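>>> need a 3D model of the sequence below.
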Amino acid sequence: MSGIAGIITTAHRQLSFWNLSTKTNPPLFSADKRYGLVYCGTIYNAPDLKKELTGYPFLMQSDSEVVLASFLKWGIQCFAKLNGMFAFGLWDTIENVLYLVRDQSGIKPVYYTVDDHRILFASEVRAILASGRIDRKLNPDGILEYFQYQTVHTPHTLINGINLLEAGWYLKIKADTQSIERIKYADFADAVGNDINKKPYDQIKNDVYHLLLKSVERQMVADIPTGVFLSGGIDSSIIAGLLSQLSNSPVNTFTVNFDESDFSEAKYARVIAKKFNANHQEILLKPSDFLNALPDALTAIDHPSGDGPNTWIVSREVAKHGIKVAFSGLGGDELFAGYAHFKRALMYNKYGYLAKFPYVIKYPCGYLLKKIKPSIATNKLVEVWMQNEWDLKNSYPIGRRMFLDNELSQLLTLDVKKDRVKEICSSIAFHKNQVLSQVTLAEFNTYMQHVLLRDIGQMTATIPIEGRLPFLDRDLITYVLTIPDTMKYPLTPKKLLVDSVGDLLPEEIMHRPKMGFVLPWNVWLKKDLYSFCDTLLANLCNRYFIKADYLRQLWQQFLTGNKTISWSRIWYLVVLEYWLEKYEID
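Numbers count the residues shown, from 1 in each chain. Purely as a prediction, here's the structure:
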């Protein structure tokens, strides 16, 4: 958009699924020509909303037209009615008002920058940088967050002056008065504590199953090649199973495997593919294939975060088979307490009185533990142990940290006391029977949105392929957040989720160890990628915010096998410097 006074210019590019007609190309105008829309995403409940929008002269089968019709009927209240992944700008030609809107789950991003005369917005940081209308200078708060958490959280980015709109919020920009309002239209936190679910367990299981099945059904796409990223884990296996129940033809499933990996999940994926009679493709790659593709994967990064290249290589291989839409199990762990820190949160809540032990007792205990079992996990556990309270804001951020404060003070010239994740956790109200739901909210508002979703969004977009995420359905999330801890307690991995799908999954899948997509990064950084990493880390040492001696020390400690310096602590710094150089950030 150029000029808040009323001149508006848009450019748009995205994959099309629902309607391939050029009539749907943005900007799209409402039937009365009052409202113009530039839009990215998919509204999964568009068919349901359309039934309520009788009287609107629909011209095409387009969910973007449903957005316009909904705004005409309900105004800003329509934003909360939209169930899907979306980001859009809506221009009122009469009132000279622009609305920028982001979906409640935070799947689609809205980046923007504002000065006295202009607002620019886009779904990518590089699009705003390419405008040439913003100085390419670092945001000190963003840099601190990146070193703390391998990402930057809303509303910050790494670039000074470029902001990221929060999930479930919209901007209202009045051109005539040049005023801007940030307004929240929906918040998953409202589901916690207000109406705790008191249904019996069997009914809750049944509700979860049908909500998840409905979510998968909504996200299915007709006449478009569709597949599933199948790891053989619980989440992706459930998605594959539900798709097979709903589809009239075999489901396409894909597993990327490395023959040198000690943690191959291929055997589990084969079990699922056989059970559901899937059209299964096992894509075998050598580490050299990945290393050769790494430059392209790094080039695809729009805003740095921790683990993007893995997603890029999987998406590229799946796209080679003609797939345009790929289902993922992302969100299952966050929603159904699949990570170890959910258990720890319950433990901290139960034994929180121990936090009041005096320092003279806590310090020697922590010191002894670090001597006996040196590791990153031990350092974090001791850090929590030393807190005066073990509530969410004092325990969760530590578990997600890349570097703790004492390490950051040696690594950075910046004030390291600010903590955006702690601020986010402080805003989440405590409810004694829903500790797990509070951790879910913390996950959604931090790691999931700003690492997992950022990675899958920016990496799939460059292939291009679109990810579908049934676990992030608005109705499913809202319901699961109302369920008390006694129903979700993770005695076994995601017990409520597994119970809800009955005998859908084979026994060996339900109780298999959690593995994840593992690549031999630890070896690569010391051998194949040594020169690449060494050069970029040397360049990073010249940045104003870095204490070079300590960074060199970290690099050498990693190379010599220090257990407290993992490959991930090194790699995300390499990615940062690569990105700073590529986009010529000052």
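
>>> where do the strands sit along this protein?
Taking DSSP state E, the strands of the chain run over residues 28-29, 35-43, 84-92, 97-102, 111-114, 119-122, 163-164, 169-174, 179-184, 226-229, 252-258, 279-285, 325-327, 466-468.

>>> pairing partners for the fourth one, with directions?
Within its sheet, and counting by DSSP bridges, strand 97-102 is paired with strand 84-92 (antiparallel), strand 169-174 (antiparallel).

>>> export the ones you listed as JSON lines, with columns for distance to residue 478.
Using the backbone N, CA and C atoms, a C-beta is placed for each residue, glycine as well. Below are those laid out as JSON lines (distance: least, Cβ to Cβ, whole Å):
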{"stretch": "strand 84-92", "distance to residue 478": "14"}
{"stretch": "strand 169-174", "distance to residue 478": "17"}
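
>>> most tightly packed of those?
strand 84-92 (a mean of 23; mean count of other Cβ atoms under 10 Å).

>>> figure out which of the strands paired with strand 97-102 is closest to residue 580.
Closest of these to residue 580 is strand 84-92, at 25.8 Å (criterion: Cβ to Cβ).

>>> can you list the strands paired with strand 97-102 in TSV and add distance to residue 341 and mean pLDDT?
Shown next, in TSV, are the strands paired with strand 97-102 (distance: least, Cβ to Cβ, whole Å; pLDDT from 0 to 100):
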stretch	distance to residue 341	mean pLDDT
strand 84-92	26	96
strand 169-174	27	96
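
>>> between those, which one is nearest to residue 100?
Taking Cβ to Cβ, strand 169-174 is the member of the strands paired with strand 97-102 nearest to residue 100, at 4.2 Å.

>>> so residue 398 sits right up against residue 386, yeah?
No - applying Cβ atoms under 8 Å as the test, residue 398 and residue 386 come out as separate, 9.8 Å apart.

>>> in terms of neighbours, single out the busier of those two.
Shown here are residue 398 and residue 386; by other Cβ atoms under 10 Å, residue 398 has more neighbours (21 against 16).

>>> and the gap between residue 122 and residue 206?
43 Å (Cβ to Cβ, to the nearest Å).

>>> so between the two, which is more surrounded?
Just comparing residue 122 and residue 206: by other Cβ under 10 Å the higher neighbour count belongs to residue 122, 24 against 14.

>>> how far away is the more buried one from residue 313?
26 Å.

>>> contact partners for the residue lying closest to residue 424 once chain neighbours are set aside?
Spatial nearest neighbour of residue 424, chain neighbours left out: residue 445 (5.1 Å); criterion: Cβ to Cβ, 6 or more residues apart in numbering. If a contact means Cβ atoms under 8 Å, 6 or more residues apart in numbering, then residue 445 has 153, 167, 424, 428 as its contacts.

>>> buried among these? Make that a PyMOL selection.
With 16 or more other Cβ atoms under 10 Å as the criterion, this PyMOL line picks the buried residues out of the contacts of residue 445:
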select buried, resi 153+167+424+428
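
>>> export the contacts of residue 445 to CSV and tack on pLDDT and distance to residue 338?
Below are the contacts of residue 445 laid out as CSV (pLDDT from 0 to 100; distance: Cβ to Cβ, whole Å):
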residue, pLDDT, distance to residue 338
153, 97, 22
167, 97, 21
424, 97, 20
428, 94, 19
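
>>> what's the closest of the contacts of residue 445 to residue 578?
Among the contacts of residue 445, residue 153 lies closest to residue 578 (Cβ to Cβ), at 21.4 Å.
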